[in-house]
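Colleague: Any chance you can model this:
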Amino acid sequence: MAEGLDFKNPVGTTLDRFIMENQSDFPFATGELSQLLRDIAFAAKIVNKEINRAGLSDIVGAMGNKNVQGEDQQRLDVIADFRFTQALTQGGEVCALVSEEVDDIIYTGQNEAKYVVAMDPLDGSSNIDVNVAIGTIFSIYRRKSALGEKPTMEDVLQKGTEQIAAGYILYGSSTMLVYTTGFGVNGFTYEPSLGEFFLSHPNMKTPETGRLYSINEGNYDDFEDQLKAYIQLCRDRKYSGRYIGSLVADFHRNMMKGGMYVYPATKGSPKGKLRLIYECNALGFIIEQAGGLATDGKSRILEIQPTELHQRVPYYVGSKKMVEESMGL
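Modeller: Numbers count the residues shown, from 1 in each chain. The predicted structure is shown next:
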């Protein structure tokens, strides 16, 4: 070792190396899944750059259009959707995409590809203008239809239990990519000076219970009685109410510290607001791998059979004991 140099802080394991070292977990994948995860990471780097210069580039604010959800599209919504769609289409590993920003299935033209991706390209985009943490959510499935054929709706409308990988990217004080392939949850922090994600949070686990709850209490009068009783119990126990309004940010904090996020059914949204395929399933897979639980208030999220692309469901996700208690279990 060279004299006078401090090597106490090693660079660490890059995302690429971590993916390569764990390819053996998937004997059916001959490198395609690894490349697909790299494509997502590459798009995340580009979107991260766009977000970091947003205030200087006239790309914040609304487009003046609404997406398929009836929500105002932000400029960065459109940019993120384009970047991820382009990366996944050109990568050649994905036959079809589902995006929050697009009404129908996106066919990539890669009919020999094995995988389907469902994504929310920029979750929490209403917070962009006020510089609050936002994120990307993604979910990966193996296609059901035969290779070489055009993908079908059956390829997309799969239960969450069929996911082979899922993750999210959090664009905050640092940018993190967190994902699972069913063998635990690992988090990688982006080092912009090197242009690499490095393993920073290996084998992430969530506490079995916690003292944080995240819910829009402005809708309290519309909650079901069981949920009202649980929220009152949280207040009586002096739990901390923490609600950013950015799903990825709320989810990440609660997974790290112990807590629960809830977006229940209300009178205004009787089926809930969050989307099953590209929000709830992905985060449900991650939280279960971390030791937590995700339900619709009654049953396991990952076992719900989707019937439409943009299906909404109530969502209870976080530390296992808190979710169970909120359901009256």
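
Colleague: Just checking: what are the partner strands of the strand or helix carrying F138?
Modeller: Assigned by DSSP states H and E, F138 falls within strand 134-142. Using DSSP bridges, the strands paired with strand 134-142 are strand 115-123 (antiparallel), strand 163-171 (antiparallel).

Colleague: quick one, helices of the stretch 151-300 of the chain?
Modeller: 153-156, 225-236, 247-257, 281-289 (DSSP state H, counting those that start in this stretch).

Colleague: Can you lay out the ones you listed as TSV showing mean neighbour count and mean pLDDT?
Modeller: For glycine as for every other residue, the C-beta is placed from the backbone atoms N, C-alpha and C. Shown next, in TSV, are the helices of the stretch 151-300 of the chain (neighbours: other Cβ atoms under 10 Å; pLDDT from 0 to 100):
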stretch	mean neighbour count	mean pLDDT
helix 153-156	16	97
helix 225-236	14	96
helix 247-257	24	97
helix 281-289	27	98
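
Colleague: which intervals of the stretch 51-200 of the chain have sub-threshold pLDDT?
Modeller: 54-73 (pLDDT under 70).

Colleague: does E149 sit in a helix, a strand or a coil?
Modeller: At E149 the chain is in coil, as set by DSSP: H, G, I helix; E, B strand; the rest coil.

Colleague: ranking the strands paired with strand 134-142 by burial, who's on top?
Modeller: strand 115-123 (a mean of 27; mean count of other Cβ atoms under 10 Å).

Colleague: Report the distance from that strand to the chain centre.
Modeller: 8 Å (Cα atoms, centre = their mean, to the nearest Å).

Colleague: quick one on the thing from earlier: any chance of JSON lines for the strands paired with strand 134-142, columns distance to N203?
Modeller: Formatted as JSON lines, the strands paired with strand 134-142 follow (distance: least, Cβ to Cβ, whole Å):
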{"stretch": "strand 115-123", "distance to N203": "25"}
{"stretch": "strand 163-171", "distance to N203": "15"}
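
Colleague: Indicate which one of the ones you listed is closest to K238.
Modeller: Closest approach to K238 among the strands paired with strand 134-142 is made by strand 163-171 (27.8 Å; Cβ to Cβ).
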